[in-house]
Each structure stands twice: as structure tokens, then as C-alpha cells.
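A.B. asks: Have a look at this prediction, sequence included:
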Amino acid sequence: MPFFPVELHAQQGQAAGGDPISQLLTSLLPMAAIFAVFYFLMIRPQRKRHNDHLKMISELKKGDKVVTSAGIHGTVDSVDETGIIKLKIADATIIKIDKVAISQVNVQ
């Protein structure tokens, strides 16, 4: 039994110049199915993670314990409207980082 519908269609003895709409659907349907699988397995979860990360960094406030994407642990000292965070990493050490560099919040 043939695996591909095109081979099955050819084996049924129909002429190669059959209905162009059915040929178009036969060739586009597998591509649409692959795109749908790709969307639900890759694109949609990545978009959800991105939106969750944006929500997390928009809710940052003074005193939150965070980890940056570089692995620096610290406490938020202040949050600027321009997207700059002052992060306290030691008693007398405060660094400035971008909000998007925060990877985790409230890590114990």
C-alpha cells in the first residue's frame, strides 16, 4: 500500500491532467499540516514564555531577589522608567543592568 496520497492517486488510473483544484489541495494539505504542527509545538510555547518573561520583568519592584542572564544574584535596589535596574549584589556594590537581563525572580 503506498504511503503518499499522490502515489495512491496515480495508481488508481486517473489521468495526470486531472482536476487542478484537487491537485493543489493534495500538494498543499501536507504542508499546511506540517505548519500547524510546527506552530503548536514550537512557535506558540515560545511566544507564551516570552510573554511570561515580559510580565515578570514588568512587575519587578524594590527588594525582589533576582538572577540575571549572566548568573549574577542580587536584590533590586531601584527600577527606572527607562528599563534600567540598580541591582545590589553585595553590601556596598550596586550595578546597573537592563530589565531584559533578568532571568529569574524571587530565587531563594
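C.D. replies: Done, it's in. Keep in mind that this is a model prediction, so the values were computed, not measured.

A.B. asks: From Y39, how far out is the most centrally placed residue in the chain?
C.D. replies: By CA atoms, centre = their mean, the chain has its centre lying nearest to Q46, at 1.6 Å. As judged by CB to CB, to the nearest Å, Q46 and Y39 stand 10 Å apart. C-beta coordinates here come from the backbone N, C-alpha and C atoms, glycine included.

A.B. asks: The chain: helices as residue ranges?
C.D. replies: In the chain, the helices defined using DSSP state H lie at 5-11, 20-38, 44-58.

A.B. asks: so can I have JSON lines of these showing mean pLDDT and distance to K88?
C.D. replies: Putting the helices of the chain into JSON lines (pLDDT from 0 to 100; distance: least, CB to CB, whole Å) gives the following:
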{"stretch": "helix 5-11", "mean pLDDT": "56", "distance to K88": "63"}
{"stretch": "helix 20-38", "mean pLDDT": "89", "distance to K88": "43"}
{"stretch": "helix 44-58", "mean pLDDT": "94", "distance to K88": "17"}
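
A.B. asks: closest one to V79 among the ones you listed?
C.D. replies: helix 44-58 (9.4 Å; CB to CB).
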